[in-house]
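J.: for reference, the sequence and a predicted model appear below.
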Amino acid sequence: MDQVLVEIREGAIVRSQVLDCCGDPAHGAQAYFFGAVRDRNEGKFVRGVEYECYETLARKTLELIAKEAVANWGPIKVFVCHAKGYLQIGDVSVAIAVSSPHRAEAFEACRYVIEEIKKRAPIWKQEHYEDGKSEWIKGHTLCSHTRAIPWHHFVGRKIQPDGCGQNHA
Amino acid sequence: MKRKVCLQLFGVMRSFGLGASMVLEVPDGTSLAQLRGYVTEQVRREGVLIEENALLECAIANDEAVLPEEFVVRHDLNLAILPPVCGG
């Protein structure tokens, strides 16, 4: 593989397909991170998560992050894959594989990539709960200018005849 | 002179009844802050109550990058509104 390989896939990522995505005869270490859909979040029981992404920019962002890892940790190889679409509990939503000559760089680079994805990749998730409700998950703003504004300000409320809003998320 | 700006919507922005995109006609030289204001007005026209500064946390981007706040609209454009992200 090239030093950096990035994919966005429809549906859950298959773990076994990731294991061979990274490696090099000169590399004695391979580190993997798999992110999976949890069955609960903040006390609510989750039945599935819809991942949405701005695919063109997401692909470029994932590639940029992977290249930053290469620049920081030297002769490593990085594979990044993120899922889009509806995933069920236990499904893998993100996979990162890093190979390197020694283990320290592999662990550190793998950690760097997932942390940066969470902060920078234009990807969103909507949790669907057992009670039939759903909710877009709060996240990290990509704006450089922002003030701290509670995200609940942004939840859509239909204007009622009396002028009062009512949550419908 | 007016510029046509087509905005893709993502995440919570799609729950406002606007669909996957919206088209605005804005004056040449519109800043990103002003563009957010026009979007807010459009959302309100759909009957959704959001506060004046609600979109401050939303970045505006094209296919290449998130646009800097100094950006101004000088052409017809295809852009995207990006609410706070939560990949992974």
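T.: That came in fine, so what should we check first?
J.: please enumerate the strands of chain A.
T.: Assignment of strands within chain A using DSSP state E yields the ranges A:4-10, A:29-36, A:40-41, A:44-53, A:77-88, A:92-100, A:123-129, A:134-136, A:157-159, A:165-167.
J.: quick check: which of those strands is buried the most?
T.: strand A:92-100 (a mean of 25; mean count of other Cβ atoms under 10 Å in any protein chain shown). Where you see a C-beta, it was placed from the backbone N, CA and C, and this is true even at glycine.
J.: neighbours around the closest residue to residue A:65 other than its chain neighbours, how many?
T.: With sequence-adjacent residues excluded and distances taken as Cβ to Cβ, 6 or more residues apart in numbering or on different chains, residue A:65 is closest to residue A:116, at 4.5 Å. Per other Cβ atoms under 10 Å in any protein chain shown, the neighbour tally for residue A:116 reads 19.
J.: repeat for residue A:115
T.: 12.
J.: dump the strands of chain A to TSV, plus distance to residue A:68 and mean pLDDT.
T.: Listed next are the strands of chain A as TSV, based on distance: least, Cβ to Cβ, whole Å; pLDDT from 0 to 100:
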stretch	distance to residue A:68	mean pLDDT
strand A:4-10	10	98
strand A:29-36	16	98
strand A:40-41	29	95
strand A:44-53	19	97
strand A:77-88	10	98
strand A:92-100	13	98
strand A:123-129	18	97
strand A:134-136	28	94
strand A:157-159	39	38
strand A:165-167	39	34
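J.: tell me which of the ones you listed sits nearest to residue B:84.
T.: strand A:123-129 (8.4 Å; Cβ to Cβ).
J.: name the helices or strands packed onto that closest one?
T.: Counting contacts by 3 or more Cβ pairs under 8 Å, 6 or more residues apart in numbering or on different chains; DSSP states H and E, strand A:123-129 packs against strand A:44-53, strand A:134-136.
J.: pretty sure residue A:45 contacts residue A:128?
T.: No. Using Cβ atoms under 8 Å, residue A:45 is not in contact with residue A:128; the gap is 10.3 Å.
J.: sorry, back to before: can I get the helices and strands packed on strand A:123-129 in a markdown table with distance to residue A:8?
T.: Listed next are the helices and strands packed on strand A:123-129 as a markdown table, based on distance: least, Cβ to Cβ, whole Å:
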| stretch | distance to residue A:8 |
| --- | --- |
| strand A:44-53 | 6 |
| strand A:134-136 | 19 |
